[in-house]
Every structure is written in structure tokens, then in C-alpha cells.
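# one predicted model, sequence on top.
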Amino acid sequence: MLYKKSELEVFELPELPKNLKCKLCRTNQAVIEAPSLGAKLCKECFNKIFENRVKKTVEKYKMFKSENKVGVFISGGKDSSVLAVVLKKLYPDLSLKVVHINLGLRYYSERVEKKVKEFCEKFEFDLYLYKLEEKENFSIDDFILTKFKHKVCAVCGIIKRYLFSKIAKELGLEVIATGHHLDDIVSTMLNLFFQGDFVSITRLTPVNPPIRKGQAKKVKPLVSAPEKEIFYYAVLNEIPFVEENCPHGGITPAKRLKHWLSQLEKENRHIKYQILSVFYKKLIPLIKTSSEYKKEINLPVYECINCGEITSSEEKICSRCRRVALLKDLEDRLEISFEEFKALPKEDVEVIEIDEENIPGKRALLKKLRGKKDKKVYLLCSNPELSYSIVLWLRKKGIKAINVKTTN
Ligand SMILES: [Zn+2]
Ligand SMILES: [Zn+2]
């Protein structure tokens with residue numbers, strides 16, 4: 001099976017010859033070559049090794065106790081779903097809650113939610129579903145209409161952090177387990193390192209204790225699991241997961257580093273573990289002795305006057321609330337219905353029809369729209385999801401594009 005998450009993230013589960021025996025049990029047929037072990041294994045032995053590694057991590061860092069209420073926020077992607085399955089298998093008596101936040105990304109979030117429901121049904125999880133648009137009257141897409149149009153992923157991160165905390169309180173979760181894995185953590189560490197943001201590196205530890213009483217502790221049980229093996233685990237155990245990337249996600253510097261690390265790994269298969277170890281054992285303890293770090297952790301914290309979450313802002317309005325406030329009274333829209341479109345006065349309507357079979361190049365499209373930054377441009381296509389994705393792109397280029405939701 002081939003899984004192409006993005007240009008730089010390609011995973012493949014190659015088929016092994018049929019007569020190959022597992023190196024460990026020497027009985028079953030080998031189906032996989034585990035990169036971190038350098039051995040060809042059967043499904044059962046691979047599962048056992050993968051699960052035991054998670055168990056060792058949980059125990060080494062004392063991530064939770066058997067009586068704790070633990071939450072896993074599943075995104076629909078492979079990492080968080082694999083985490084939920086493994087935790088349930090390892091700790092069948094643990095009070096485990098699976099949560100999904102529908103972020104209201106048009107077209108995309110609905111498909112993700114469907115996949116999440118399919119997953120929960122298959123693995124018998126009782127799902128807690130939180131629909132952002134229904135509960136809070138805005139969606140992540142709306143930030144395209146604000147000054148944050150180039151930073152939608154960062155805003156989404158802030159909104160999600162707030163929701164994790166809010167939902168944890170609602171459900172009485174003491175621990176939140178996240179799907180961050182070896183590749184995520186090492187690439188983020190290096191990215192922060194190159195940016196010189198050393199204080200933020202200290203937050204990448206396997207356990208983040210609550211900043212204040214009543215908050216949930218955050219843990220990363222997959223910290224020593226390579227992303228490739230998470231993918232193998234998902235495929236071998238038939239865990240349904242979303243194979244497409246979020247429409248707002250692009251190639252980030254951290255993703256480039258992840259790719260670069262995978263290249264290095266071909267020459268040294270321990271490289272990621274070596275970096276992780278030197279950061280955890282040497283660099284983070286050193287950063288924690290710095291005056292910069294001490295200043296940061298001793299900053300006064302306040303309660304946001306709007307939502308009650310803690311903030312370091314002296315105005316007592318948290319970064320989530322400051323961003324959400326921009327969406328209030330917003331008249332601009334990203335999509336209208338076909339009926340609304342038909343009712344518009346013909347003379348001031350600039351329309352671009354998109355032929356699904358012959359999608360215009362981005363450069364050609366921009367050329368066509370040159371000098372029209374003040375005009376509203378309506379996009380029409382028999383596949384409204386396709387034109388919607390072009391609308392998002394045009395908005396980032398400063399064009400007031402609006403999708404017309406045709407029904408097909
Ligand atoms: Zn075996
Ligand atoms: Zn707030």
C-alpha cells in the first residue's frame with residue numbers, strides 16, 4: 001500500500017515474498033520489515049513490539065495511573081487513531097474517552113468526521129463529537145477572511161489548544177494523550193532550534209504537567225514510535241484513517257526537516273533517537289537553567305475575562321479570544337448558494353467558470369484577475385469543492401473570491 005500524505009511525506013508498505021518466515025517467532029509469514037528493528041516480522045510480532053514500546057514509554061514517564069480518566073483527541077489521521085487503539089489494547093480497564101473536534105473546514109471536515117465515526121464503530125469507541133460551527137458559530141475557514149489568512153494553521157492550533165482544555169474540563173479528563181510521534185517531535189525540535197526558539201523546545205517533553213490546578217496533564221505515548229511504523233500498524237490492523245491533508249496545510253519548514261531526517265536515516269537508522277536523546281538528556285536541562293527560560297516561566301498569568309482560560313496577556317484577553325473577535329460582524333463570505341448568486345445584480349458580477357476537466361493554471365488565473373483586487377469574483381464549477389479550494393488560494397493572494405455552491 002502506498003500513502004502519499006504530501007509531496008514530502010510518502011509511506012509505502014512493500015509486499016514481502018510469500019515464503020518468508022518471521023525472524024522472531026519463525027512460524028508465521030513475515031509481512032513487514034520494521035525499519036527501527038531492521039528485521040522482517042509477522043503481524044503479531046510487529047504488533048507486540050510496537051505496543052510494548054508504547055507501554056514502556058507510558059510507564060517510564062508515569063504518564064497516567066489506572067484510575068485516571070484519559071482522553072485521546074482524534075483528528076481522523078493515523079497517529080491519534082493508532083494511539084487510541086493501542087491504549088485500549090494495553091489498558092482495557094482504563095477510563096478512555098475518545099474526542100473528535102469537527103473544525104468546520106468546508107467539504108473536508110465532513111469527510112473526516114465520517115471516517116472518525118467509521119473508526120469508532122469498528123473499534124468500539126464511544127465518541128464525543130464537538131462541532132465547532134454548531135457550538136461556537138464560526139469555522140477555521142473563516143480566518144481566511146481576516147489578517148490571519150496566511151497563518152490559518154497557527155490560529156487553528158490556538159483554537160484547538162483552547163478546545164482541548166475546555167472539553168477536558170467538561171468531560172473531567174485528567175490526562176490528554178496526543179499522537180505526537182518520534183518524527184514530529186524531532187523535526188519540531190530541530191525547527192525550533194534553527195529558529196533559536198530554545199524555550200519552546202522545553203515543551204516537547206513526553207509529559208507536560210498542568211500549568212495550573214484543575215487542568216489536564218498532556219502526555220505523548222508515541223514519542224519513541226517512528227511515523228513509518230505507526231503507518232504500518234494502521235495498515236496491518238485495518239485502522240481507518242483519513243489519507244488526505246488538511247486544505248490549509250502546506251509544506252512547512254518542519255516538514256522539510258522531517259523529510260531531510262528520513263534521508264539521513266537511510267545512512268544511520270538511529271539518527272532520530274540520537275537527536276531525541278541529546279535534546280532530552282542534555283539540551284533541555286541546560287535550557288532550563290537559562291535566565292531566558294526562568295523569566296518565561298515566571299511571567300504572571302491572568303484569567304481571560306472572556307473565556308476564563310489562562311493567558312499571559314496583561315489586557316486579560318487570551319490569544320484565542322482576540323482572534324475569534326475578528327470574526328464578529330464579518331460580512332464577507334467564502335461561499336454562497338446558487339440561489340443567492342442568481343439574485344445578484346448581473347452588471348457588477350465578475351464570474352469565472354472552472355472546467356473540472358481543464359483546471360486553469362494558478363498563474364493564468366492570477367493574470368486574468370490582475371487589477372481586480374477590489375472586485376468580488378465568483379467561482380462556478382460543477383465540482384464546488386474544487387472551486388472552493390481555488391477560492392481559498394485566491395483569498396491568500398488578496399483576491400475577494402467567493403465560491404458558488406452548485407449542487408451536482
Ligand atoms: Zn512472528
Ligand atoms: Zn479567552
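In hand now; what should we look at? Numbering: from 1, shown residues only. Ligands and ions are numbered 1, 2, ... in the order given.
# nearest residue to the closest residue to ligand 1 within the stretch 201-350 of the chain other than its sequence neighbours?
Sorted by distance to ligand 1 under Cβ to the ion, the residues of the stretch 201-350 of the chain start with L236, at 12.2 Å. C-betas here are computed from N, CA, C, even on glycine. In space, not counting the residues next to it along the chain, L236 is nearest to K43; the distance is 5.0 Å by Cβ to Cβ, 6 or more residues apart in numbering.
# what residues are up against that neighbour?
For K43, the contacting residues are 28, 31-32, 236-237, taking Cβ atoms under 8 Å, 6 or more residues apart in numbering as the criterion.
# looking at those, which is nearest ligand 2?
Checking the contacts of K43 one by one against ligand 2 (Cβ to the ion), the nearest turns out to be N237, at 39.5 Å.
# how near is the residue in the stretch 51-200 of the chain that ligand 2 sits nearest to to ligand 1?
Each residue of the stretch 51-200 of the chain has a distance to ligand 2, by Cβ to the ion, and the smallest belongs to Y162, at 7.1 Å. Counting by Cβ to the ion, to the nearest Å, the gap between Y162 and ligand 1 amounts to 45 Å.
# what residue of this structure is the furthest out?
The outermost residue of the chain relative to its centre, with distances by Cα atoms, centre = their mean, is E347 at 43.1 Å.
# is that residue in a helix, a strand, or coil?
Using DSSP: H, G, I helix; E, B strand; the rest coil, the three-state assignment for E347 comes out as helix.
# can you pull the contacts of it?
For E347, the set of contacting residues under the criterion of Cβ under 8 Å, 6+ apart is empty.
# again with the one 5 residues further on
For I352, the contact set (Cβ under 8 Å, 6+ apart) comprises 365, 368-369, 377-380.
# return the set of buried residues in stretch 157-172.
Burial within stretch 157-172, assessed by neighbour count using 16 or more other Cβ atoms under 10 Å, is assigned to 158-160, 162-168.
# who in the chain is up against ligand 2?
Where proximity means Cβ under 5 Å from the ion, the interface of the chain facing ligand 2 comprises 304, 306-307, 318, 321.
# most widely separated two among those?
Using Cβ to Cβ, the pair of these lying farthest apart is N306 and C318, separated by 7.4 Å.
# give me the more crowded residue out of the two.
Just comparing N306 and C318: by other Cβ atoms under 10 Å the higher neighbour count belongs to C318, 24 against 15.
# and the protein, what are its domain boundaries?
Domain assignment of the chain by automatic domain parsing yields the ranges 47-269, 335-405.
# in a markdown table: these, plus distance to E15 and mean pLDDT.
As requested, the domains of the chain are exported to a markdown table (distance: least, Cβ to Cβ, whole Å; pLDDT from 0 to 100):
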| stretch | distance to E15 | mean pLDDT |
| --- | --- | --- |
| domain 47-269 | 12 | 93 |
| domain 335-405 | 33 | 85 |
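# and these, which is most packed in?
Across these, the average number of neighbours (mean count of other Cβ atoms under 10 Å) peaks for domain 47-269, which reaches a mean of 18.
# start to end distance for that one?
Distance between the two ends of domain 47-269: 20 Å, counting by Cα to Cα, to the nearest Å.
# what residue lies at the spatial centre of the protein?
S75 (6.5 Å).
# S224 and D183 touch, don't they?
No. Checked against Cβ atoms under 8 Å, the pair S224 and D183 is beyond contact range at 11.0 Å.
# pull up the overlap in contacts between the two.
Taking Cβ under 8 Å, 6+ apart as the contact rule, S224 and D183 have no neighbour in common.
# list the residues that contact the residue in the stretch 301-408 of the chain that ligand 1 sits nearest to.
Scanning the stretch 301-408 of the chain for the residue nearest ligand 1 gives E385, at 43.6 Å (criterion: Cβ to the ion). E385 makes contacts with 106-107, as judged by Cβ under 8 Å, 6+ apart.
# hang on, it in a helix?
Yes. Note on E385: a helix contains this position according to three-state DSSP.
# tell me how far it lies from S337.
Using Cβ to Cβ, to the nearest Å, one obtains 15 Å as the distance from E385 to S337.
# same check on L261?
Counting by Cβ to Cβ, the gap from L261 to S337 is 46 Å.
# also Y162?
Noted for Y162: a distance of 31 Å to S337, by Cβ to Cβ.
# quick one, helices of the stretch 101-250 of the chain?
When secondary structure is read from DSSP state H, counting those that start in this stretch, the stretch 101-250 of the chain shows helices at 108-122, 132-136, 152-171, 182-195, 198-201, 227-236.
# other SSEs contacting the fifth one?
When you say that, I think you mean helix 198-201. Secondary-structure packing of helix 198-201 (3 or more Cβ pairs under 8 Å, 6 or more residues apart in numbering; DSSP states H and E): helix 182-195, helix 284-287, helix 291-297.
# make a markdown table from the ones you listed and add distance to ligand 1 to it.
What follows is the helices and strands packed on helix 198-201, written out as a markdown table (distance: least, Cβ to the ion, whole Å):
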| stretch | distance to ligand 1 |
| --- | --- |
| helix 182-195 | 23 |
| helix 284-287 | 37 |
| helix 291-297 | 46 |
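# that older thread, hang on, the residue nearest to the centre of the chain in a strand?
No. Remark: S75 does not belong to a strand; assigned using three-state DSSP, it is coil.
# look up phi and psi at it.
When read as degrees, to the nearest 10, the backbone of S75 gives phi -90, psi -10.
# tell me the contacts of it?
S75 sits next to 100, 112, 179, 242 when contact means Cβ under 8 Å, 6+ apart.
# what's the end-to-end length of stretch 1-20?
Terminal residues of stretch 1-20 are spaced 19 Å apart (Cα to Cα).
# any residue of that stretch touching ligand 1?
No. Using Cβ under 5 Å from the ion, stretch 1-20 stays clear of ligand 1, coming no nearer than 11.0 Å.
# distance from that stretch to the middle of the chain?
For stretch 1-20, the distance from its own C-alpha centre to the chain's C-alpha centre is 22 Å (Cα atoms, centre = their mean, to the nearest Å).
# residues making contact with it?
The contact list for stretch 1-20 (Cβ under 8 Å, 6+ apart) reads 29-33, 40, 227-228, 231-232, 235-236, 243, 245, 249, 251, 255-256, 258-259.
# between the biggest strand by length in the chain and helix 108-122, how many degrees?
For the chain, the strand reaching the highest residue count under DSSP state E is reported as strand 95-102. Using axes from the mean of the first three to the mean of the last three Cα atoms, to 10 degrees, one finds that strand 95-102 and helix 108-122 are set 160 degrees apart in direction.
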